[in-house]
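In: show me the folded form of this:
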Amino acid sequence: MKQRILTLQKAYREGTAILEEAGIADAPLDAWLLLSYVTGLSKAAYYGDPERKVEEEDSKRYFSCIKRRGQRIPLQHITGEQEFMGYSFRVNEDVLIPRQDTEVLVEEALKKLRPGMRILDICTGSGCILLSLLKKGKENGIEGCKGFGMDISEKALSVAEENAEILEIPAEFAQSDLFAKASGKYDLIVSNPPYIPTGIIEELQDEVRLHDPYIALDGKEDGLHFYRKIIQDSVHYIKEGGYLIFEIGYDQGEAVLALMKEGGYEDLCVKKDLSGLDRVVIGMYNGE
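Out: Now for the predicted structure:
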């Protein structure tokens, strides 16, 4: 049987067609990213020689990846990585995939960062928030900060520890139900807690509903359960004048602001993401 010879261009077109048929919204982009992942080629290399032959093993691997993506397995679970704040993070099914919207939280936290701060990341997951904050801070000349990441999932912490090693950022991680393993006082507490109301989870995209860890999504009945818990307990672990910064759902700004005000926080504000939706709430603890 004559072997079918595929060029880069033909493989890309076929991969795109398969994903479009499967209803993948960003089919051309995902087909390209998977081709680049398998072959190691940049767009410049592709456009420089689109008729280049694809090796048989690469072709098999590529279409295996395309098949998995067509089954709604997230692209990042296939490649094992996701870019966040300009850094590459290892990800798998044990952690929430870092999303661009969450970069708003890191950008706002960077504005509060000062040398020598103790920083606590609750529900750290892949560690993307804490590690990006520490690394960007260091690149900006902010030295001496100590970072602590806590998560109830031991498997998630393994991913966070791997990312810390790859990024060469010293941070301490502990398996903890929110503040259970916290000690001392922190200058800055950040968190992207589970905030999807339980009844809404089944309405999410298959990539999220079936493949992100349920425990990282479920914010209980109204989606505010973990905000209440974190705000209530944070007052025992945050310094006077310290900042608490949350990622929130697009419709949770007013509710979380009210909870923080009741909990002793002031100078409250909501920051929007690139889509113009409420994404981050910030407050300073007044010590009362």
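In: bridged to I122, which residues?
Out: Beta-bridge pairing of I122 under DSSP bridges involves M150, S191.
In: contacts only, for it.
Out: Neighbour list for I122: 150, 178-179, 189-191, 193, 230 [criterion: CB atoms under 8 Å, 6 or more residues apart in numbering]. In this view, the C-beta of every residue, glycine as well, is placed from N, C-alpha and C.
In: which of those residues has the most neighbours?
Out: Counting neighbours by other CB atoms under 10 Å, V190 leads the contacts of I122 with 28 neighbours.
In: contacting residues for that one?
Out: So V190 contacts 105, 109, 119-122, 129-130, 133, 244-246 (CB under 8 Å, 6+ apart).
In: keep only those of the residues you listed that are in helices.
Out: 105, 109, 129-130, 133 (DSSP state H).
In: which pair in those residues has the greatest spatial separation?
Out: L105 and L130 (10.8 Å; CB to CB).
In: okay, those two: which has more neighbours?
Out: Comparing L105 with L130 by other CB under 10 Å, the one with more neighbours is L130, at 29 against 26.
In: how many residues are close by the closest residue to that one other than its chain neighbours?
Out: With sequence-adjacent residues excluded and distances taken as CB to CB, 6 or more residues apart in numbering, L130 is closest to D121, at 3.8 Å. D121: 28 surrounding residues under other CB under 10 Å.
In: quick check: D121 touching Y186?
Out: No: D121 is beyond contact range of Y186, at 9.8 Å (criterion: CB atoms under 8 Å).
In: for I215, which residues are in contact?
Out: Applying CB under 8 Å, 6+ apart, the residues contacting I215 are 152-153, 194.
In: how close does it get to L105?
Out: Computed as CB to CB, to the nearest Å, the I215 to L105 distance reads 20 Å.
In: cool, and Y214?
Out: Counting by CB to CB, the separation of Y214 from L105 is 22 Å.
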